[in-house]
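Visitor: model the structure of this input:
(chains A, B, C and D)
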2 protein chains.
Amino acid sequence: MQEAVEIVSEKGLNALTMSTLSAKVGVTEGALYRHFSSKNELIMDILNDIFLETTSQISEVNSRKQPNAAKLQQIMENQLFIFKQRPAIANLLFAEEYFLTNHDIKILIYSIINTIQLYIQEIFEAGKNNGEFKNHIHPRHISLMFLGTIRMLVMNWKLSNYQWDLPIEGQVFCQNLLEIIEEKNFNQ
Amino acid sequence: MQEAVEIVSEKGLNALTMSTLSAKVGVTEGALYRHFSSKNELIMDILNDIFLETTSQISEVNSRKQPNAAKLQQIMENQLFIFKQRPAIANLLFAEEYFLTNHDIKILIYSIINTIQLYIQEIFEAGKNNGEFKNHIHPRHISLMFLGTIRMLVMNWKLSNYQWDLPIEGQVFCQNLLEIIEEKNFNQ
DNA sequence: CTTTTGTAAGTAAATATTCACATACATGCA
DNA sequence: TGCATGTATGTGAATATTTACTTACAAAAG
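Guide: Residues are numbered from 1 along each chain as shown, chains lettered A, B, ... in the order given. From the prediction side, this is the model:
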């Protein structure tokens, strides 16, 4: 699974075939089928790992006692750091088109993104309730914009051939968003 | 080209093969090669059409004499309406992964998205300069968030099996964003 | 001795692309 | 009008390659 993620990171999802994977691992294709009944199962296992890793990281950040603005900044930083180190994860999470034909994978990606969005949404909700953020923001909308920003950043970063630092740029964006929605006279 | 777009709209980018396309058009595969030297050329021709259509529409909206907020709303509405009617266009524009291996197509998609973002950015810039939007927004950041929101909306819409109306939901999001950045005491 | 894990060599289907050949049709010429 | 010629457009069959996956058999390990 690690080698598979590496292939996707380096050469994109299309380069991940049972043939290239077996070559990279150093076994025959048949050997792969001893461990994964199909290529889809392999991908779904990887997606499940990503799911667990991501949600555990977000909920860890969420459990810390600190302003909600700080939580959001840390989540974006963590997430972009992961994408920076293993771009494959962005490829897989945002490749809904690629799996349009496969119902199971579509459902899985859907639930992953949905879960992440709900986490973010709750943070905005909490910040709105304790007066940290302005009262007229809509947590559901802002959280989707938050994720959309991450996605667009990653896409631009890739299209620019990784010429700038993803996490740093992400911090700038996050600060800008927070500036707009933060209540000026808020004190913890 | 129209039939190709339809295939992508209905069954995704992976379903677009010279075989399926020729079957849909009602000719043989060889006939397709009388008009397009390769599959990539076909896709690039389609992308170029999308490019022209999109930018002409945006600049038409931009030339109207009206508040910048209204321009943004109209652009989002137009764009989501196009995506609603021909989801393929979203597939193609946002399929950077798919074309990771093809340099020409990557460059083309890059320039399309870049151009669109610059248009949006200019509108935010104008709104900032004439006091319509708050002074501390960053046009480059906001425009990227604007596009990210559109993209995320389209993705959610697809993953939800088109269960809600895309343009209407887009309007709600747009109004929310504008509420946050609009200067309250602004009068044209 | 049984289960796990591997190999080598296949499979059928799909892929983009090409080729020799056929038809349709407009234009130019007698 | 009647005929030749060139070009655009199509056919049908074949190409080599790649794809995910399978099967018969062997080694290894507990």
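
Visitor: tell me the secondary structure at the residue of chain A found nearest DNA strand C.
Guide: Proximity to DNA strand C, evaluated over chain A using CB to the nearest atom of the strand, is greatest for A:Gly30 at 3.1 Å. For glycine as for every other residue, the C-beta is placed from the backbone atoms N, C-alpha and C. Under DSSP: H, G, I helix; E, B strand; the rest coil, A:Gly30 falls in the helix class.

Visitor: do I have it right that A:Phe36 meets A:Ile46?
Guide: No: between A:Phe36 and A:Ile46 there is no contact, the gap being 10.0 Å when judged by CB atoms under 8 Å.

Visitor: before we move on, back to that, counting neighbours, what do you get for the residue of chain A closest to DNA strand C?
Guide: A:Gly30 has 9 neighbouring residues, counting by other CB atoms under 10 Å in any protein chain shown.

Visitor: check A:Val5 too.
Guide: Using other CB under 10 Å as the criterion, A:Val5 is surrounded by 19 other residues.

Visitor: and what of A:Lys158?
Guide: Using other CB under 10 Å, A:Lys158 has 20 other residues around it.

Visitor: need the contact list for it.
Guide: Shown in contact with A:Lys158 (CB atoms under 8 Å, 6 or more residues apart in numbering or on different chains): A:87, A:90, B:96.

Visitor: same question for A:Val25.
Guide: If you count contacts by CB under 8 Å, 6+ apart, A:Val25 has them with A:3, A:31-32.

Visitor: what about it, distance to A:Val8?
Guide: The gap separating A:Val25 from A:Val8 is 14 Å, by CB to CB, to the nearest Å.

Visitor: equivalent analysis for A:Ser59, please.
Guide: Using CB to CB, A:Ser59 is found at 26 Å from A:Val8.

Visitor: got it, and A:Ile89?
Guide: Shown here: A:Ile89 relative to A:Val8, a distance of 9 Å by CB to CB.

Visitor: the two: who's more crowded?
Guide: Using other CB under 10 Å, the more surrounded residue of A:Ile89 and A:Val8 is A:Val8, with 25 against 22.

Visitor: could you look up the SS state of that one?
Guide: Secondary structure state of A:Val8, per three-state DSSP, is helix.

Visitor: for it, list the residues it contacts.
Guide: Neighbouring residues of A:Val8 by CB under 8 Å, 6+ apart: A:15-16, A:87-88, A:91-92.

Visitor: using ChimeraX, define a selection of the buried residues within the residues you listed.
Guide: This is the ChimeraX syntax for the buried subset of these, where burial follows 16 or more other CB atoms under 10 Å in any protein chain shown:
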select /A:16,87,88,91,92
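
Visitor: between the contacts of A:Val8, which is closest to A:Asn161?
Guide: Comparing those against A:Asn161 with CB to CB places A:Pro87 closest, at 11.7 Å.

Visitor: got the phi and psi for the closest one?
Guide: Dihedral angles of A:Pro87 (phi, psi; degrees, to the nearest 10) stand at phi -60, psi -20.

Visitor: you'd agree it is up against A:Ile7?
Guide: No: counting by CB under 8 Å, A:Pro87 stays clear of A:Ile7, with 11.4 Å between them.
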